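Trainee: got a predicted structure here, sequence first:
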Amino acid sequence: MAQVSLRNITKIYPSNIQAVKNISIGIENKEFIVLVGPSGCGKSTTLRIIAGLEDATQGEVIIGDRCVNNVPAKDRDIAMVFQNYALYPHMNVYENMAFALKLRHYPKAEIDKRIKEAAEILGISRFLKRRPKELSGGERQRVAVGRAIVRKPQVFLFDEPLSNLDAKMRVQMRTELNRLHLRLQTTMVYVTHDQIEAMTLGSRIAVMKDGLIQQFDEPLKVYDDPTNKFVAGFIGSPPMNFLNGKIIKKDGKLYFDEGELQVKIQERMYGKLKNYLDKKVIFGIRPENIFDKLFASAAAPDNTIRVKCEVIEPMGSENHILLSTDENSLIAIVDAHNKPKLGEYIEMVFDMNKAYFFDNDTEKTIA
Ligand SMILES: Nc1ncnc2c1ncn2[C@@H]1O[C@H](COP(=O)(O)OP(=O)(O)OP(=O)(O)O)[C@@H](O)[C@H]1O
Ligand SMILES: [Mg+2]
């Protein structure tokens, strides 16, 4: 059991590629942290630095209460699960799971006890004699996790462990990993580019971009109060809609003016927006906060827009409709039975209580 701290970690690869830029993050004992971000943002590099597979160019890695910068990977008491599982093909499942313990000269009986326990937890007891090639992707994934569990490490590190699985299996393994964390009560750091995995697994998530942590907080906090346009657009599916326009004043009230459409801003936001009058801003609204006027009880002329229906994507439980103005396009989530005609103009209502504004230059959240 251990807490993990990264203090001002920077990683510069040869040929001056800055993969990680001065990141600091404190992970509590028993916490399940997810590093999430687009490809190339430095997630794996950060994880590999914690594991000791990569040296930081600058900064300190603390595990428990010791700085491990000079401790080799094998002595860090960490177990890592990789995307490609990295199982030994010539060994059966039992031997794969026993391997690391044998290297450390654990007594045979203890190795056997740990493997049986882990196999039981993961539901792989009946595969112990099979080789990896005789298993499905999901089963191999469980073996890779099992090989980590038997070590009883202080910290588990996962690098995109579910990305080779099909969609259904991914959802199932996600639930199993959550359960595993509850059962093992061990610190876990998990890397993914999938924001849904991040939201559902992490007690806190660190959203990364370009080697920097953009925001580190509880999933719902990140969803409700994104720190900037990038985070707002990355967390949530389909992503938040962004419209370019400016703030204007009419009869003492503030409006967001897109050119074609105008919506009234809630008075609670006036304070934060006061320096933006007549200036360009980016307006954000999530697809789940746009409603068809026919079904919206809070419809009013000042939160209703006329937009063209371009595409309807039926999801089964709901429809995603792609709408357009002259300048912008947006996506709304509506009821599965709500099928507007393609090419026609329809009236949609914004829940202005859920509107966001971002600075046009810095893209930081204003309100
Ligand atoms: N060994 C290396 N040598 C040079 N550059 C590297 C090396 N490993 C990674 N990089 C670069 O560092 C940056 C971060 O890479 P990293 O593997 O940490 O990204 P990631 O967030 O894990 O991406 P992905 O989601 O694609 O796995 C990238 O620009 C990558 O090209
Ligand atoms: Mg990676």
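Mentor: On my side now, so go ahead. Numbering: from 1, shown residues only. Ligands and ions are numbered 1, 2, ... in the order given.

Trainee: for the rest of this, base every contact and every neighbour count on C-alpha atoms.
Mentor: Fine.

Trainee: help me confirm that residue 118 is found in a strand?
Mentor: No - assessed by DSSP: H, G, I helix; E, B strand; the rest coil, residue 118 does not belong to a strand; its assignment is helix.

Trainee: got the contact list for it?
Mentor: Counting by Cα atoms under 8 Å, 6 or more residues apart in numbering, residue 118 makes contact with 146, 149-150.

Trainee: so which of those residues are in helices?
Mentor: Counted as lying in helices by DSSP state H, out of those, are 146, 149.

Trainee: highest neighbour count among the contacts of residue 118?
Mentor: When neighbours are counted by other Cα atoms under 10 Å, residue 146 leads the contacts of residue 118 with 28 neighbours.

Trainee: so what's that residue closest to, chain neighbours aside?
Mentor: residue 118 (5.7 Å; Cα to Cα, 6 or more residues apart in numbering).

Trainee: and this protein, which residues reach ligand 1?
Mentor: Within the chain, the positions adjacent to ligand 1 are 13, 17, 19, 38-45, 193 by Cα under 6 Å from any ligand atom.

Trainee: and those, which of them are buried?
Mentor: 19, 38, 41-45, 193 (16 or more other Cα atoms under 10 Å).

Trainee: residue 207 and residue 214 touch, don't they?
Mentor: Yes - if you go by Cα atoms under 8 Å, residue 207 and residue 214 touch, sitting 5.5 Å apart.

Trainee: between those two, which contacts overlap?
Mentor: residue 231.

Trainee: neighbour count winner among those two?
Mentor: A count of neighbours by other Cα under 10 Å puts residue 207 above the other of residue 207 and residue 214, at 27 against 17.

Trainee: the more buried one pairs with what?
Mentor: Per DSSP bridges, residues listed as beta-bridge partners of residue 207: residue 36, residue 215.

Trainee: could you measure from it over to ligand 1?
Mentor: 11 Å (Cα to the nearest ligand atom, to the nearest Å).

Trainee: check contacts around residue 220.
Mentor: Per Cα under 8 Å, 6+ apart, neighbours of residue 220: residue 199.

Trainee: what residues sit buried inside the helix or strand hosting it?
Mentor: Residue 220 is located in helix 219-224, with elements delineated by DSSP states H and E. Buried positions in helix 219-224, judged by neighbour count with 16+ other Cα under 10 Å: 219, 222-223.

Trainee: and these as a markdown table, adding pLDDT?
Mentor: Listed next are the buried residues of helix 219-224 as a markdown table, based on pLDDT from 0 to 100:
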| residue | pLDDT |
| --- | --- |
| 219 | 97 |
| 222 | 98 |
| 223 | 97 |
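
Trainee: count the neighbours of residue 144 for me.
Mentor: Residues contacting residue 144 under the criterion other Cα under 10 Å number 24.

Trainee: which residues does it contact?
Mentor: With the criterion set at Cα under 8 Å, 6+ apart, residue 144 makes contact with 81-82, 85-87.

Trainee: show me where the stretch 1-150 of the chain has its helices.
Mentor: Assigned by DSSP state H, counting those that start in this stretch, the helices in the stretch 1-150 of the chain fall at 43-51, 93-103, 108-122, 137-149.

Trainee: quick one: mean pLDDT for the shortest one?
Mentor: Looking back up the chat, that one is helix 43-51. For helix 43-51, mean pLDDT is 97.

Trainee: what does stretch 32-40 give?
Mentor: Computed over stretch 32-40, the average pLDDT equals 97.

Trainee: residues making contact with that stretch?
Mentor: With Cα under 8 Å, 6+ apart, stretch 32-40 has contacts from 19, 27, 43, 181, 187-195, 198, 201-210, 234.

Trainee: quick check: end-to-end length of that stretch?
Mentor: 22 Å (Cα to Cα, to the nearest Å).

Trainee: what about residue 253, neighbour count?
Mentor: 12.

Trainee: what's the longest helix along the chain packed up against?
Mentor: Criterion DSSP H: the longest helix present in the chain is helix 167-184. Under the contact criterion of 3 or more Cα pairs under 8 Å, 6 or more residues apart in numbering; DSSP states H and E, helix 167-184 touches helix 195-201.

Trainee: what distance separates the helix it packs on from the centre of its chain?
Mentor: 5 Å (Cα atoms, centre = their mean, to the nearest Å).

Trainee: can I get it as CSV, trimmed to CA atoms?
Mentor: The C-alpha trace of helix 195-201 is given here as CSV (Å, rounded to 0.1, in the frame of the first residue of the first chain):
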residue,chain,number,x,y,z
GLN,A,195,-12.7,9.3,-21.7
ILE,A,196,-15.5,6.9,-20.8
GLU,A,197,-13.0,4.5,-19.3
ALA,A,198,-11.5,7.4,-17.4
MET,A,199,-14.8,8.6,-16.1
THR,A,200,-16.0,5.2,-15.0
LEU,A,201,-12.7,3.9,-13.4
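
Trainee: mind giving me the packing neighbours of it?
Mentor: Helix 195-201 packs on strand 32-36, helix 167-184, helix 219-224, going by 3+ Cα pairs under 8 Å, 6+ apart.

Trainee: one more time with 10 Å, if that's ok
Mentor: If you count contacts as 3 or more Cα pairs under 10 Å, 6 or more residues apart in numbering; DSSP states H and E, helix 195-201 packs onto strand 32-36, helix 167-184, strand 187-192, strand 204-209, helix 219-224.
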